[in-house]
Structures are given as structure tokens and as C-alpha cells.
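Q: Okay, sequence plus prediction incoming.
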Amino acid sequence: MAAEAVNVKEFQELARQVLPKMHYDFYAGGAEDQYTLKENEEAFKRIIIQPRVLVDVSGIDPSTTVLGFNISMPIMIAPTSMHKLANPEGELATARAAATCNTIMVLSSSSTYRLEEVAACCNAVRFFQLFMYKKRDVSAKLVQRAESSGYKAIVLTADTPRLGRREADIKNKLIVPEFENLKGLLSTNVVPDGGSSLAAYAKETQDASLSWEDIAWLKSITNMPILIKGILTHEDATRAVEVGAAGIIVSNHGARQLDYSPSTISVLEEVVHATGGKLPVFLDGGIRRGTDIFKALALGAKAVLVGRPVIYGLAAMGEYGVKRVLELLKNEFELTMALAGLPNPKDAYLH
Ligand SMILES: Cc1cc2nc3c(=O)[nH]c(=O)nc-3n(C[C@H](O)[C@H](O)[C@H](O)COP(=O)(O)O)c2cc1C
Ligand SMILES: CC(C)CC(=O)C(=O)O
């Protein structure tokens, strides 16, 4: 077993050491110049927390609620595809670690275990991330299966009409395994075009015509609340409120889609302001420290989601690694509240 890591960055290094280059690059990489990838983390570093002292912080409590569900910390697991490339236990290990830590995992449509297997592997609140496929009935089937397997919300990914250009995957000629959820529904035997077979697959299957008008259809086929993931502007936040979304995830897809889109933390306030408190706003992208979580909550997020850190934990140490990553982030977040003298991050003064 690899040496114990003391922070998320060290888990990333452990993952880099154990994973084949093709898989590490797939997980770690962003689109094109990777400007936004860097910015997602750098933008957090530019925000300073003004601490208060002599505040009783003996009773700080990191727990929160998301759509009415209690979780132990404002940190959830973002949907990321293909966990089996990190560890043979794949999404089952991730789901078990989430359950142990009493938080919510959002399962990707493109998981390497079936959504039913993940639902059956342990008892926890889980959400299901949905891609819209050209064959809408495939998306509808996934929604129905998720609902009957006990998933509690749909996270509709809005920022992938096409796949961003990830140059490492093209150079490595990335090969992807079959997507378990789609077996029997869609052919996953896409002939690679000499580059990334994920890009070839996405082009063939994902529906670039998905628009705001389709939210009504999605609502008509499920009773689950719908979160819209990938919003970065006040205009789209307003639209999300109008169409009756249950929440918004401010996200640039971990900087894997539009390069030179803004870092998520830099647009959070604008989005929160536009919603006028009518729905909860979540954020993902670049969260690597408890201070990042504190800053996101101070700027109005109800909770954050983490993508790559979870995969790095999974690659380095399986289920235990995911648990350690979540615990590290939770502990750092608690410590930040204590040292900032701010049991409620919303009272923070940032500059
Ligand atoms: C390897 C990888 C796979 C991803 N797969 C999906 C996916 O299947 N569906 C989705 O909505 N987002 C996907 N994302 C985006 C994440 O949900 C999330 O927005 C992003 O990872 C957050 O940034 P972070 O990795 O810096 O925490 C993926 C991200 C990564 C890194
Ligand atoms: C297109 C998906 C299968 C994966 C994804 O969203 C990603 O790799 O960022």
C-alpha cells in the first residue's frame, strides 16, 4: 500500500504513480490550453479570509442539508465517469466511502458499474447524473431506472453538447471501457477515429440539441427533483429558476469543456445573486482544501462537490483512499471555521 497522504495534492501524486499514463491523463486533464483548469485552483488562492478571534468555536458543526437530506459535511461527490479505470471496485468503492462518511455521491451516467449495482452495494442517499442522448428514450430509461433504484435527484449535465478537446486523450488514443448503464440500450462499440475514443463516442451518442425547452419533458417523466449542472452566468441561473430546477451546480465540468470559461469560484456570487435565494446553489471545480470549501460557502454555496480528489483517493488506496480524501477535506473545513472564528462561513469577510 502506498504511503499515507496528508492532503489532496499528495493523493494526486500517489495516483499519478500508480495509474497508467493514459488513465492518469484522462482524469487529471482539462481542455486545450488548460487555462481554466489552472484557474479553477488559482482563483481560490487569490481569496483571503479575514479571521476573527476570541469566538467560542468549541461547538462548530460542519453538517448540512441538501434537498432536505442531512449530510455530515457540505462536501458531496461530483459525478465522474469510469471509476474502474482507477480501481477494479470502481463506483462500488466510491459509493461505500460516501456512505461511511454520510455524504451524497452523484453517480455518473457513464459509470463502470450499473446504477442498480451501485444502489444495492450500500445504504445511502444518492443522486444520478444524466447525459442527454440523441436517443431520448435511452435517457428516459436511465431516469426511470434511477428512480426505481432509489436515487433521490437527477443532476442534468448542461455543458456537454459536444465533448471538449482534451489533447492528452487524443495523443494517448484513449480507450474507454463499455458503459455498463448503456449496455443493451446503445452500442458502446464506437470505432475510434485515431484519437480519443471517448470523444468519438460522445460525438456519436450525445445530443447537441438539448435546450431549456427540454426541461419540461424531463420533469414530466420523473418525480425526482432536477439539479442543473454547468451554469456559469446570471442569465442561465435566472433561466434555471424559471424552468423550475430544484438547484444549480456552478461548474465548468472541471475545465474539461470550454477552455477560457471562468473559474467557478469567480462567478459564484453572480449566480447566487440571480437566484434570489429561490433555490440552492452548489459549486464544483478546483476544490482541493478546506479553505476552498469555506470560501465557496462564504460566497453563497450551500455545499460543494469534488471530482478529481475522489478519483485520486480511489486510485491510490481504493475505498479507504476515497474515505481519507473526504475526511481530510472535512477536517480541513472544520479547522478553517475554527481558526477563522466563524462557525457560519456566511458571516465571513473575504478580500
Ligand atoms: C475524469 C472526470 C470524469 C468526469 N465525468 C463526468 C460525467 O460523467 N458527468 C458529469 O456531469 N461530469 C463529469 N465530470 C465533471 C465533474 O462532475 C466535476 O464537474 C469536476 O470534476 C469538478 O472539478 P474537480 O475535478 O476540480 O473537482 C468529470 C470530471 C472528471 C475529472
Ligand atoms: C463524456 C463523459 C462520458 C465523461 C465526461 O464527462 C468527462 O470525461 O468529462
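A: Looks like it came in fine. Residues are numbered from 1 along each chain as shown. Ligands and ions are numbered 1, 2, ... in the order given.
Q: Quick one: residues contacting Ser111.
A: Counting by C-beta atoms under 8 Å, 6 or more residues apart in numbering, Ser111 touches 81-83, 90-91, 118, 179-181. For every residue, glycine as well, the C-beta is placed using N, CA and C.
Q: Go again with 10 Å.
A: Contact analysis of Ser111 by C-beta atoms under 10 Å, 6 or more residues apart in numbering lists 79-84, 90-92, 94-95, 117-118, 128-129, 179-182.
Q: swap in Ser209?
A: 132, 134, 136, 161.
Q: Please report phi then psi for the second one.
A: Backbone torsions for Lys134, taken as degrees, to the nearest 10, come to phi -60, psi -40.
Q: Leaving out sequence neighbours, find the closest residue to it.
A: The shortest distance from Lys134 to any non-neighbouring residue, by C-beta to C-beta, 6 or more residues apart in numbering, is to Asp207 (4.7 Å).
Q: If we ignore the residues flanking it in sequence, what's nearest the closest residue to ligand 1 within the chain?
A: Going by C-beta to the nearest ligand atom, ligand 1 is nearest to Gly307 of the chain, at 2.1 Å. For Gly307, ignoring the flanking residues on the chain, the nearest one in space by C-beta to C-beta, 6+ apart is Ala78 at 4.0 Å.
Q: how far away is that neighbour from Ala140?
A: Ala78 sits 24 Å away from Ala140, going by C-beta to C-beta, to the nearest Å.
Q: the more surrounded of those two?
A: Ala78 (26 against 17; other C-beta atoms under 10 Å).
Q: In this model Gly286 seems to touch that one, though I could be wrong.
A: No - with contact defined as C-beta atoms under 10 Å, Ala78 does not count as touching Gly286 (11.4 Å).
Q: neighbours of Ser109, just the number please.
A: 23.
Q: distance of the residue nearest to Lys134 from Gln257?
A: Per C-beta to C-beta, Asp207 is found 15 Å from Gln257.
Q: So which of these two has more stuff around it?
A: It is Gln257, of Asp207 and Gln257, that has more neighbours when counted by other C-beta under 10 Å, with 22 against 17.
Q: Dihedrals phi and psi, the more buried one?
A: Dihedral pair for Gln257: phi -110, psi -90, per degrees, to the nearest 10.
Q: How about the contacts made by Ser220?
A: Counting by C-beta under 10 Å, 6+ apart, Ser220 touches Ala140.
Q: pLDDT score assigned to it?
A: Per-residue pLDDT puts Ser220 at 98.
Q: In contact with whatever residue of the stretch 201-350 of the chain ends up closest to ligand 2: list those residues for me.
A: Here the stretch 201-350 of the chain gets closest to ligand 2 at one residue, Arg256, 4.3 Å apart by C-beta to the nearest ligand atom. Applying C-beta under 10 Å, 6+ apart to Arg256 gives the contacts 26, 29-32, 34, 36-37, 159-160, 163-166, 169, 307.
Q: nearest spatial neighbour of His273, skipping sequence neighbours?
A: Of all residues not flanking His273 in the chain, His234 sits nearest, at 6.8 Å (C-beta to C-beta, 6+ apart).
Q: just checking, the one you found touches Thr275?
A: Yes - using C-beta under 10 Å, His234 is in contact with Thr275, at 8.8 Å.
Q: more crowded one of these two?
A: The residue with more neighbours, out of His234 and Thr275, is Thr275; 20 against 16, by other C-beta under 10 Å.
Q: Could you pull up phi and psi at the more buried one?
A: For Thr275, the backbone dihedrals (degrees, to the nearest 10) come out as phi -80, psi -20.
Q: Which pLDDT value goes with it?
A: For Thr275, pLDDT reads 98.
Q: Need the per-residue pLDDT for the residue nearest to Lys134.
A: In this model, Asp207 is scored at 95, pLDDT.
Q: check contacts around it.
A: So Asp207 contacts 131-136, 138-139, 160-161, 214 (C-beta under 10 Å, 6+ apart).
Q: that older thread, could you name every residue contacting both of Ala78 and Gly286?
A: By C-beta under 10 Å, 6+ apart, Ala78 and Gly286 have these common neighbours: 254, 304, 306-308.
Q: By neighbours, which of these wins?
A: When neighbours are counted by other C-beta under 10 Å, Val304 leads the shared contacts of Ala78 and Gly286 with 28 neighbours.
Q: partner residues bridging it?
A: Here Val304 sits in beta bridges with Ile75, Leu283, as judged by DSSP bridges.
Q: Number the residues from 630 up from this point.
A: Yes, from this point I'll number from 630; that puts the last item at Val933.
Q: ok, it - contacts?
A: Applying C-beta under 10 Å, 6+ apart, we find Val933 in contact with 702-705, 707, 878-879, 893-894, 911-916, 921-926, 958, 962.
Q: same check, this time on Gly906
A: Per C-beta under 10 Å, 6+ apart, neighbours of Gly906: Gly929.
Q: for it, helix, strand, or coil?
A: Per DSSP: H, G, I helix; E, B strand; the rest coil, the local secondary structure of Gly906 is coil.
Q: Give me every residue in the stretch 730-879 of the chain that's in contact range of ligand 2.
A: Residues of the stretch 730-879 of the chain lying near ligand 2 by C-beta under 6 Å from any ligand atom: 739, 789, 792, 827, 831.
Q: Perfect, that will be all.
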